[in-house]
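Participant: build the 3D model from these lines:
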Amino acid sequence: MDGSPRRPAQLRLSEEHHSLRGEAQRVEPDRGRRRGGLTDMGAHSPVAPKQTLDPARPLRIAFVAYRGNMNSGGQGIYLWFLAREMARLGHEVHVLVGPPYPDPMPFATVERIPNQQFWAKWVLDQTDQIVPEKDPLQIFSPLNFYELGASRLGFLPEPFAFSARAFTRLSRALRNGRHFDIVHDVQCLGYGLLGLQALGLPVVTTLHHPLTVDRRASFIRDDNFKDAVGTMKFYPIGMQAFVARRLDCVLTSSEASAQQIVRDFRVRPSRMRNVRNGLDVDLFSPSASIAKSESELLCIGRSTDPNKGIRTLIQALGRLPDHVRLTLVDDDGPDNRVRDWAREADVLERIRLTGRVGSEELVRLYRKAAIVVVPSRYEGFGLPAVEAMACGTPVVATRAGALSEVMELTGGGLLAERDDPDSIAHAVRTLLENTEARALMAKRGRERIVETLSWPGVAAATAQVYREVVAQTRRGRPTRTITSASVG
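Facilitator: You can find the predicted model right below:
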């Protein structure tokens with residue numbers, strides 16, 4: 001296949017599914033409600049017979065995630081830590097996951113579900129690897145052929161194709177006598193999940209925010225009509241909204257995200273539960289061995305994503321004293337527009353771009369910074385703010401999405417108005433000029449993060465939701481309405 005004018009936009013869209021904390025995805029070569037034993041059903045579809053769930057019995061949980069590596073974004077981090085904590089609570093954990101695969105999970109039974117990664121090969125210009133070397137005829141299997149065609153036309157095929165493969169694997173497991181109490185989808189929302197429901201399995205999903213948020217941001221930076229058409233095709237919003245409305249429960253991490261999902265995906269509030277994200281508070285922790293800067297600001301965010309508000313932060317930097325510097329964890333390639341924005345604000349010499357960083361380096365940056373700034377226009381949770389406070393660093397964040405909730409919960413910093421460089425600069429200046437206030441907020445933020453967002457508590461709250469969903473699904477009633485306070 002040769003290139004097309006749409007390819008740069010496709011590459012940009014593909015990168016949105018990856019984090020700044022590791023390398024881009026590597027192309028790897030191929031790959032009812034059940035409670036009791038199955039009767040002999042012959043060629044019929046497996047159906048899970050209903051049984052009473054002992055509230056003291058450990059749950060049998062099947063996680064499904066179409067991309068499982070932590071470098072693929074927040075869903076990989078969420079999957080690994082939640083699965084680990086569920087196992088520590090004594091539950092039986094089974095994970096079905098697509099490439100790029102997660103780090104080893106010795107606490108779970110992991111079933112890798114390979115694909116030919118046609119989208120990645122097309123976007124990364126590796127079209128010479130389209131045909132599998134070992135078995136070229138694999139390309140003509142129904143799902144592989146669908147993925148090839150969809151990728152070539154600019155659609156993202158992975159969520160649907162993975163859900164179909166997961167349905168096949170789990171239905172086979174049911175026929176072979178496996179038992180699952182609940183299926184937990186991690187941001188796939190493919191049609192195959194509805195097939196699992198038809199087999200009798202309760203299915204919940206975690207959705208940090210609807211893809212409509214990403215699509216709107218993509219439209220803002222599209223340069224031409226072809227890019228806009230590419231954006232329309234790329235995001236599987238219709239499928240995800242359709243599936244989300246029909247699952248037994250949608251878990252989300254903030255009131256702001258819940259409201260956005262209700263508004264954009266039209267999910268009934270009665271089917272939603274708010275359980276905060278967790279954080280590894282042992283990794284993200286203060287260190288007395290690293291000296292705090294008195295004037296260095298830190299921001300984690302892609303300048304290519306308008307929702308991150310990077311340009312506004314650079315404008316705010318121009319309103320601060322010359323000795324204040326900004327470290328930005330973002331791509332440091334020559335095409336990054338941060339340099340252009342910095343020249344406009346006359347702060348180019350005061351900004352450092354790090355490129356992608358690993359977890360240890362990220363923690364070091366958090367610990368060293370005087371203040372972490374989160375200038376976003378929208379956040380479904382605001383992970384950088386939480387990570388910073390866990391490391392003992394105060395935060396200046398905008399009143400955008402879930403950030404207000406996070407800051408009010410923790411008291412670990414100050415709020416500023418979004419899209420307002422003067423407001424951000426004022427909040428930063430206030431903290432820089434008050435060492436005692438910074439220290440107090442740092443201490444309070446760390447304490448509240450440990451109290452409310454440690455993974456053991458998040459897992460316990462999630463397991464409670466599982467039990468409620470199983471019980472209420474068997475009674476044929478929807479799950480509880482979302483509350484103003486998070487579970488746990």
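
Participant: rounded mean pLDDT for stretch 286-297, please.
Facilitator: Average pLDDT, stretch 286-297: 95.

Participant: what is the end-to-end distance of it?
Facilitator: End-to-end distance for stretch 286-297: 17 Å, by Cα to Cα, to the nearest Å.

Participant: stretch 446-465 now?
Facilitator: 27 Å.

Participant: cool, and stretch 245-252?
Facilitator: OK, stretch 245-252 end separation, Cα to Cα: 14 Å.

Participant: and it, how far out from the chain's middle?
Facilitator: 16 Å (Cα atoms, centre = their mean, to the nearest Å).

Participant: pull out the buried positions in it.
Facilitator: For stretch 245-252, burial by neighbour count (16 or more other Cβ atoms under 10 Å) applies to 247-252. From N, CA and C alone the C-beta is placed, and that goes for glycine too.

Participant: and those as TSV, adding distance to G392?
Facilitator: Formatted as TSV, these follow (distance: Cβ to Cβ, whole Å):
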residue	distance to G392
L247	39
D248	40
C249	35
V250	34
L251	29
T252	28
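
Participant: just the ones in strands from those residues, please.
Facilitator: 249-252 (DSSP state E).

Participant: which residues does the residue positioned nearest the centre of the chain contact?
Facilitator: Nearest to the centroid of the C-alpha atoms of the chain, with distances taken as Cα atoms, centre = their mean, sits G74, at 3.3 Å. The contact partners of G74, taken as Cβ atoms under 8 Å, 6 or more residues apart in numbering, are 19, 208, 277, 381, 383.

Participant: the nearest residue to the third one once chain neighbours are set aside: neighbouring residues, count only.
Facilitator: The one in question is N277. Excluding the flanking residues, the one nearest N277 by Cβ to Cβ, 6 or more residues apart in numbering is S253, at 4.6 Å. Other residues within reach of S253 by the criterion other Cβ atoms under 10 Å amount to 28.

Participant: ok, now R337?
Facilitator: R337, neighbours per other Cβ under 10 Å, totals 13.

Participant: now do the contacts for it.
Facilitator: By Cβ under 8 Å, 6+ apart, the neighbours of R337 are 303-304.

Participant: what about 7 Å?
Facilitator: S303 (Cβ atoms under 7 Å, 6 or more residues apart in numbering).

Participant: next one: the one 4 residues further on
Facilitator: Applying Cβ under 7 Å, 6+ apart, one finds that W341 lies in contact with 311, 314.

Participant: which SS class is it?
Facilitator: Assigned by DSSP: H, G, I helix; E, B strand; the rest coil, the conformation of W341 is helix.

Participant: what about it, distance to L403?
Facilitator: 22 Å (Cβ to Cβ, to the nearest Å).

Participant: got it, and T462?
Facilitator: In terms of Cβ to Cβ, T462 sits 23 Å off from L403.

Participant: more neighbours: which of those two?
Facilitator: A side-by-side neighbour count of T462 and L403, using other Cβ under 10 Å, places L403 first with 28 against 25.

Participant: isn't that one up against V374?
Facilitator: Yes: counting by Cβ atoms under 7 Å, L403 does reach V374; the two are 6.2 Å apart.

Participant: identify the contacts common to the two.
Facilitator: Common neighbours of L403 and V374 (Cβ under 7 Å, 6+ apart) are 382, 385, 397.

Participant: what number of residues lie near the first one?
Facilitator: The one in question is G382. Neighbours around G382, by other Cβ under 10 Å: 27.

Participant: where's it relative to E447, distance?
Facilitator: When distance is defined by Cβ to Cβ, G382 is 18 Å away from E447.

Participant: mind listing what S376 touches?
Facilitator: With Cβ under 7 Å, 6+ apart, S376 has these contacts: 307-309, 398, 400, 403.

Participant: let's have the residues you listed in TSV, adding distance to I220, secondary structure and pLDDT.
Facilitator: Output for the contacts of S376, formatted as TSV (distance: Cβ to Cβ, whole Å; DSSP: H, G, I helix; E, B strand; the rest coil; pLDDT from 0 to 100):
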residue	distance to I220	secondary structure	pLDDT
N307	9	helix	91
K308	12	helix	95
G309	12	coil	96
T398	17	strand	98
A400	15	coil	94
L403	19	helix	95
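
Participant: mind checking what secondary structure L298 has?
Facilitator: strand.

Participant: now do the same contact list for it.
Facilitator: L298 sits in contact with 327, 365-366, 369, 372, where contact means Cβ under 7 Å, 6+ apart.

Participant: domain assignment for this structure?
Facilitator: For the chain, automatic domain parsing gives the domain ranges 7-42+58-274, 296-453.

Participant: out of these, name the one with the poorest average pLDDT.
Facilitator: domain 7-42+58-274 has the lowest average pLDDT among the domains of the chain, namely a mean of 83.

Participant: centre of the chain versus that domain, how much separation?
Facilitator: For domain 7-42+58-274, the distance to the chain centre is 11 Å (Cα atoms, centre = their mean).

Participant: and stretch 439-448, by the same measure?
Facilitator: That offset, for stretch 439-448, works out to 26 Å (Cα atoms, centre = their mean).

Participant: what residues of that stretch count as buried?
Facilitator: 441-442, 444-446, 448.

Participant: tell me which residues are up against it.
Facilitator: 286, 389-390, 392-394, 409-413.

Participant: how many neighbours does V204 have?
Facilitator: Around V204 there are 25 residues (other Cβ under 10 Å).

Participant: OK, contacts around the residue nearest to N277?
Facilitator: 208, 275-277, 380-381, 402 are the contacts of S253 under Cβ under 7 Å, 6+ apart.

Participant: so how far is N71 from it?
Facilitator: S253 is 20 Å from N71, by Cβ to Cβ.

Participant: about what we covered before: which one among the contacts of L298 gets closest to I261?
Facilitator: Closest to I261 out of the contacts of L298 is V372 (27.1 Å), distances taken as Cβ to Cβ.

Participant: got the contact list for stretch 321-332?
Facilitator: By Cβ under 7 Å, 6+ apart, stretch 321-332 touches 20, 295-303, 317, 336, 338, 350-355, 357, 362, 365, 432.

Participant: which ones among those residues lie within helices?
Facilitator: Secondary structure defined by DSSP state H assigns 317, 338, 362, 365, 432 of the contacts of stretch 321-332 to helices.

Participant: which of these sits closest to L170?
Facilitator: Looking across the ones in helices among the contacts of stretch 321-332 and measuring by Cβ to Cβ, the closest to L170 is L362, at 35.3 Å.

Participant: quick one, helices of the stretch 1-150 of the chain?
Facilitator: 7-15, 74-88, 118-123, 142-152 (DSSP state H, counting those that start in this stretch).

Participant: and the helices in the stretch 351-488 of the chain, which stretches?
Facilitator: Using DSSP H, counting those that start in this stretch, helices in the stretch 351-488 of the chain cover 359-368, 383-390, 403-410, 421-432, 435-453, 455-474.

Participant: right, and those helices - which one's nearest L143?
Facilitator: Going by Cβ to Cβ, the one of the helices of the stretch 351-488 of the chain nearest L143 is helix 455-474, 28.7 Å.

Participant: what's the neighbour count on Y101?
Facilitator: There are 21 residues near Y101, going by other Cβ under 10 Å.

Participant: surely S257 is in contact with P210?
Facilitator: No: taking contacts as Cβ under 7 Å, S257 lies outside contact range of P210: 8.2 Å.
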